[in-house]
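[1] only the shape, not the letters, is given here:
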């Protein structure tokens, strides 16, 4: 009884008939094939099967990628017809490898669409069985836009890099911590630091003067709040020299965060120097106008007074006495006008280089100034040694005219041996002129003022106050320097350095 029940039980749980199993398997395979086909058809990638070098299958995305209206338009076409000529050899080699069972990894190539347009693609190839025959399955991704984007980014990077590298302005990039990430050659040139010396370090410690440390910190803090900052200030070079700069602080944004700072520095040292010189010139111009009007009117007023005095009824004075005084005042006026014209000429006249005969020039100057009272009493000594000297003759003559004129005017009347000693030593680079006298000298309190416009250091003076001012300006025009030492009541010595412009004439 138990055996029969067991048999029946076994019959009850027996496997379904083989025909049902095969049907179910067939249905499953068909379902999987349909899912695979749907997947292939709807993938955004191009998928094709090559059989004997021709397109045996291609999905909708692949057909559209190649410019076909529908997949059927591609069936039977030779695969090589779509490969850009430059890639024929490599494509054939990759297909051969796939036929040997080796997949061909992704590689960038170019395809030619049906309309002739060339596109950039990334191609992978795999062994495949199609209708029971060996075939090649290729997967193609259109990367034209991606590559164009990469090229656009690369172009932008190249343009930025070139701008960064060749900009005459100093540019430094700081990271989010305020440390130097990069600096261009303009920055290295302006401040004297190499990028290796600065990279990874705080910039303030290197180029911000100690007295402006708080300004440097405030500047970084302000820029970190995403504000564009412009400031005119001073910064320090590696050698310690201070330069005037305009700083533009530009925050670098990414996803609403400041990830770095661009600092752009414009060197305005020369501009500031010109501005300061302009201020000085404007001040001098104001003084000039005032002094000229005063110094022109004073002699004229004296002359006018003497003329009116001579016209008074009953005046028995000798007219010759008036004429002597008038002559002195006119001479004073003429001397003043001469100095004013010399100053104007020095400012405007172009430098003309020629060989200078110092001895002849100095002798001529003494001759021209022979009319000055006491000129004939001066004992002079002139020594010139060295190579030929080239410079601007008119300005050299003006320098000596004013120095010799002052030495005569301010000689020591108590002495009977008033001297002017000129010693000139010339090298290929420069002339060193030592001009000394044993006159009344200059008081220490006045020594730093003698080159100022219209300054008169002595009550003994009846000059214009322009002489030494003209001397200094003429020397500066020639890129030279002048120094002065003096002992009150004993004499004054000027030492002048002037560049030898012999090479300029040779060029």
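    It's in. If you're wondering where the values come from, they're calculated on a predicted model, not measured in any experiment.

[2] pLDDT on the top helix by length along the chain, on average?
    Longest helix in the chain by number of residues (criterion: DSSP state H): helix 269-311. Helix 269-311 shows a mean pLDDT of 75.

[3] and what of stretch 133-148?
    93.

[4] what does stretch 210-226 give?
    78.

[5] also stretch 46-61?
    93.

[6] residue ranges with poor pLDDT in the stretch 401-507 of the chain?
    Within the stretch 401-507 of the chain, the segments meeting pLDDT under 70 span 454, 456-464, 503-507.

[7] count the residues that sit near the nearest residue to residue 475 once chain neighbours are set aside.
    Nearest non-adjacent residue to residue 475, counting by Cβ to Cβ, 6 or more residues apart in numbering: residue 482, 5.0 Å away. To be clear about C-beta, it is placed using only N, CA and C from the backbone, and glycine gets the same treatment. Neighbours of residue 482 under the rule other Cβ atoms under 10 Å: 20.

[8] which residues are in contact with residue 482?
    451, 471-472, 475, 494-497 (Cβ atoms under 8 Å, 6 or more residues apart in numbering).

[9] how does it look with 10 Å?
    399, 403, 433, 435, 451, 468, 471-472, 474-476, 494-498 (Cβ atoms under 10 Å, 6 or more residues apart in numbering).

[10] same thing with residue 268?
    Applying Cβ under 10 Å, 6+ apart, the residues contacting residue 268 are 232, 243-246, 274-275.

[11] and the pLDDT for the closest residue to residue 376 other than its chain neighbours?
    In space, and not counting its chain neighbours, residue 376 is closest to residue 370: 7.1 Å by Cβ to Cβ, 6+ apart. Residue 370 carries a pLDDT score of 89 in this model.

[12] next: residue 7.
    As predicted, residue 7 sits at a pLDDT of 46.

[13] tell me, how many residues neighbour residue 203?
    The burial count for residue 203: 22, using other Cβ under 10 Å.

[14] again, but for residue 408
    Look at residue 408: counted by other Cβ under 10 Å, it has 22 neighbours.

[15] kindly report the same for residue 352.
    Neighbourhood size, residue 352 [other Cβ under 10 Å]: 10.

[16] quick one, what contacts it?
    Taking Cβ under 10 Å, 6+ apart as the test, what residue 352 contacts is 391-395.

[17] so which residues of the stretch 201-350 of the chain form strands?
    Here the stretch 201-350 of the chain has its strands, by DSSP state E, counting those that start in this stretch, at 229-236, 242-254, 257-267.

[18] for the stretch 301-450 of the chain, which segments are assigned as helices?
    Ranges of helices within the stretch 301-450 of the chain are 319-348, 358-368, 393-409, based on DSSP state H, counting those that start in this stretch.

[19] using CSV, lay out the ones you listed together with distance to residue 202.
    Shown next, in CSV, are the helices of the stretch 301-450 of the chain (distance: least, Cβ to Cβ, whole Å):
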stretch, distance to residue 202
helix 319-348, 47
helix 358-368, 57
helix 393-409, 50
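
[20] indicate which one of the ones you listed is closest to residue 265.
    Smallest distance to residue 265 across the helices of the stretch 301-450 of the chain (Cβ to Cβ): 33.5 Å, for helix 319-348.

[21] circling back: which of the contacts of residue 352 sits closest to residue 145?
    Closest to residue 145, out of all of the contacts of residue 352 and judged by Cβ to Cβ, is residue 392, at 68.8 Å.

[22] partners of the closest one in the sheet?
    Assessed by DSSP bridges, residue 392 has beta-bridge partners residue 353.

[23] right, and it touches residue 345 too?
    No - with contact defined as Cβ atoms under 10 Å, residue 392 and residue 345 do not form a contacting pair (11.3 Å).

[24] just to revisit the earlier point, closest to residue 354 out of the contacts of residue 268?
    Using Cβ to Cβ, residue 274 comes nearest to residue 354 of the contacts of residue 268, at 29.5 Å.

[25] neighbours around the closest one, how many?
    Residues lying near residue 274 (other Cβ under 10 Å) number 12.

[26] now swap in residue 107 and tell me
    So residue 107, with other Cβ under 10 Å, has 14 neighbours.

[27] ok, now residue 320?
    Neighbours of residue 320 (other Cβ under 10 Å): 7.

[28] likewise the one 3 residues further on?
    Other residues near residue 323 number 12, with proximity taken as other Cβ under 10 Å.

[29] what's the separation between it and residue 279?
    According to Cβ to Cβ, to the nearest Å, residue 323 stands 46 Å off from residue 279.

[30] quick one: contacts of the host helix or strand of residue 108?
    For residue 108, the host element (DSSP states H and E) is strand 104-112. For strand 104-112, contacts defined as Cβ under 10 Å, 6+ apart pick out 46, 65-67, 81-87, 90-91, 93-98, 117-127, 136, 138-144, 147.

[31] ok, stretch 355-366 next?
    372, 375-376, 378, 380, 382-384, 388-393, 396-405, 408, 420, 422, 424, 426, 431, 433, 435, 498, 500-502, 505.
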